[in-house]
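S.K.: sequence first, predicted coordinates after that:
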Amino acid sequence: MDKKLEGLISYWHRRGIVRDKKVLEAFREVRRELFVPSNLAEDAYSDVALPIGYGQTISQPSTVAAMTQALALKAGMRVLEIGTGSGYQAALLACIVGSRGRIFTTEIIPELVSLARKNLARAKIRNVHILQVDGSEGYAKEAPYDRIIFTAATPKVPLHLLPQLKDGGILLAPVGSIFGQHMIRVRKLAGGKREEENLGEYIFVPLRGKGGF
Ligand code: SAH
């Protein structure tokens, strides 16, 4: 048992950041040190974002935890991620949806696609499909999804991806400027309706590509 990780988990529990047991279990199962540069492995369970090269970062554990919980995942779900980066968030999603579920994750920087492939293989995660594409338009080929998660900042709520989401599905994205965003959760309801919630302030690296900055 990693003391720093257990410290983080009990902090999330106390502060009500994460109550979902499946999310906490996934954090124990997927070792973050496999997804950070080896010279930073000691900092794997510090609650900070870390550089992964090419100007990109692996998000802070508390942010990843809050987002994963906000998705209300269930076994067997199909999830689309925009912004694979290190592959860590995708690995947690994969762990929670289980072997009957599928994670499709898009990454625009080819070197990070290779890095994520290597990291996921080392972590023995098999139900993640990494796609080297501009994910700002989603990935219509494998739609519809139960959940869509952006892990890069978007300039506006990406409602253009709602057609790729099932009724009852959740879209989660940090929306704002390149300097700061609000985490917006959109629930797609039956009959073309939707519900939007603001889950608080965050700072992400900017989304690139067609729908980016
Ligand atoms: N979820 C990642 C962290 C994401 S950092 C992890 O767990 O490590 C944001 C990532 O989004 C970066 O790797 C960046 O290259 C990628 N990105 C930016 N714009 C993109 C786009 N239009 N399509 C796909 N990926 C994009």
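M.R.: That came through fine.

S.K.: hmm, who's touching the host helix or strand of Val23?
M.R.: Assessed by DSSP states H and E, Val23 sits inside helix 21-29. The contact list for helix 21-29 (C-beta atoms under 8 Å, 6 or more residues apart in numbering) reads 5, 8-9, 12-13, 18, 61, 65, 68-69, 73, 92, 95-96. C-beta here means a position set from N, CA and C on the backbone, and glycine is covered the same way.

S.K.: likewise stretch 157-176?
M.R.: By C-beta under 8 Å, 6+ apart, stretch 157-176 touches 67, 70-72, 80, 136-140, 143-150, 152-156, 181-190, 194, 196, 202, 204, 211.

S.K.: this structure: helices as residue ranges?
M.R.: In the chain, the helices defined using DSSP state H lie at 3-14, 21-29, 61-70, 88-97, 110-122.

S.K.: what's around the nearest residue to Tyr45 once chain neighbours are set aside, how many residues?
M.R.: Nearest residue to Tyr45, sequence neighbours excluded (C-beta to C-beta, 6 or more residues apart in numbering): Lys4, at 3.6 Å. Using other C-beta atoms under 10 Å, Lys4 has 14 other residues around it.

S.K.: same check, this time on Ile125
M.R.: Number of residues near Ile125 (other C-beta under 10 Å) recorded here: 20.

S.K.: ok, back up a step: starting at the chain centroid, how far to the helix holding Val23?
M.R.: With C-alpha atoms, centre = their mean, to the nearest Å as the basis, helix 21-29 stands 15 Å off its chain's centre.

S.K.: quick one, what contacts the residue lying closest to Gln132 once chain neighbours are set aside?
M.R.: The shortest distance from Gln132 to any non-neighbouring residue, by C-beta to C-beta, 6+ apart, is to Val113 (4.6 Å). Contacts for Val113 (C-beta under 8 Å, 6+ apart) come out as Thr84, Glu107, Ile130, Gln132.

S.K.: for Arg194, give me its contacts.
M.R.: Per C-beta under 8 Å, 6+ apart, neighbours of Arg194: Leu159, Leu162, Val186, Arg187, Lys188.

S.K.: can you do 7 Å?
M.R.: By C-beta atoms under 7 Å, 6 or more residues apart in numbering, the contact set of Arg194 is Val186, Arg187, Lys188.

S.K.: pLDDT value on Arg15, please?
M.R.: pLDDT recorded at Arg15 is 89.

S.K.: that one: how many residues sit nearby?
M.R.: Using other C-beta under 10 Å as the criterion, Arg15 is surrounded by 9 other residues.
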